[in-house]
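In: Below are the sequence and a predicted model for it; my questions follow.
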Amino acid sequence: MCDAVTAITVGLKVATIMQEHKSAKAIAKGQQRANDQTRKNSNAAYLNDLSKIDSETVSATREKAAETFRLNQENNREEASALNLNAGNATKVVQDIAGAYDMQFLDVTRDYEADIFKLAGQETDAYAAQARRYNSIRPVTMPDKTGALLQVATLGVGTYQKYIDSKPSPDTTATKGLK
């Protein structure tokens with residue numbers, strides 16, 4: 001009867017070890033799936049950020065082109081008006097208007113470059129945000145089958161040793177009969 005109880009106990013302990021291994025493996029796989037989804041979401045967020053930045057870049061370029069065109073038209077209109085009014089030396093009129101236009105053009109270009117630098121900084125920030133999200137993902141350690149098998153083997157050896165220790169040795173039996 002004692003041997004049957006020992007065998008059942010060992011069997012239950014082995015089953016428990018194997019179930020713990022399966023549970024740990026399922027948890028690790030679930031965490032791995034969650035990490036994969038986090039990476040996908042992070043990539044989507046990063047691409048979305050880059051898309052917004054690209055849209056803003058296109059918008060800034062379009063705004064610069066529109067302002068440059070407006071300034072050109074204004075410059076041409078002022079030149080034509082001054083020349084039609086016969087307002088003094090034509091060369092000086094053109095030089096004066098061109099100088100004012102050049103300053104306006106430089107202002108537009110400076111504003112455009114400031115926008116582009118700001119957008120480049122936003123790209124760096126978007127990449128840094130993605131890197132932070134990736135770095136926050138905990139690594140997954142899958143449970144080791146070898147570890148579970150070693151636990152089972154250790155249990156078996158320990159149980160066998162207890163069994164051997166509980167049996168009377170042949171030398172003790174022989175001496176008991178002689179006394």
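Out: Thanks, I have it.

In: What's the separation between Ala131 and Asp36?
Out: Going from Ala131 to Asp36 by CB to CB, to the nearest Å gives 17 Å. In this view, the C-beta of every residue, glycine as well, is placed from N, C-alpha and C.

In: Then Ala26?
Out: With the distance defined as CB to CB, Ala26 ends up 16 Å from Asp36.

In: Likewise for Thr9?
Out: According to CB to CB, Thr9 stands 41 Å off from Asp36.

In: count of residues packed around Gly147?
Out: Applying other CB atoms under 10 Å, we find 12 residues neighbouring Gly147.

In: For it, which non-adjacent residue is spatially closest?
Out: Nearest residue to Gly147, sequence neighbours excluded (CB to CB, 6 or more residues apart in numbering): His21, at 7.9 Å.

In: Which strands or helices does the host helix or strand of the one you found pack on?
Out: Here His21, judged by DSSP states H and E, is contained in helix 2-84. Applying 3 or more CB pairs under 8 Å, 6 or more residues apart in numbering; DSSP states H and E, one finds that helix 2-84 contacts helix 90-135, helix 145-166.

In: Buried ones in the last one, by neighbour count?
Out: Right, helix 145-166. By neighbour count on 16 or more other CB atoms under 10 Å, the buried set for helix 145-166 is Ala148, Gln151, Val152, Leu155, Thr159.

In: Leaving out the residues flanking it, which one is nearest to the most centrally placed residue in the chain?
Out: Nearest to the mean C-alpha position of the chain, by CA atoms, centre = their mean, lies Tyr134 at 2.7 Å. Of all residues not flanking Tyr134 in the chain, Ser42 sits nearest, at 6.2 Å (CB to CB, 6+ apart).

In: cool, Glu56 as well?
Out: In space, Glu56 comes closest to Leu119 once its chain neighbours are excluded; the distance is 5.7 Å by CB to CB, 6+ apart.

In: ok, the one you found touching Thr57?
Out: Yes. Using CB atoms under 8 Å, Leu119 is in contact with Thr57, at 5.4 Å.

In: So for Ala24, what's the pLDDT?
Out: Per-residue pLDDT puts Ala24 at 91.

In: So what's the residue count around Leu71?
Out: Neighbour count of Leu71, defined by other CB under 10 Å: 17.

In: helices and strands of the protein: which one has the lowest mean pLDDT?
Out: helix 170-178 (a mean of 56; mean pLDDT, DSSP states H and E).

In: What residues does Asp3 make contact with?
Out: Residues in contact with Asp3, defined by CB atoms under 8 Å, 6 or more residues apart in numbering, are Tyr163.
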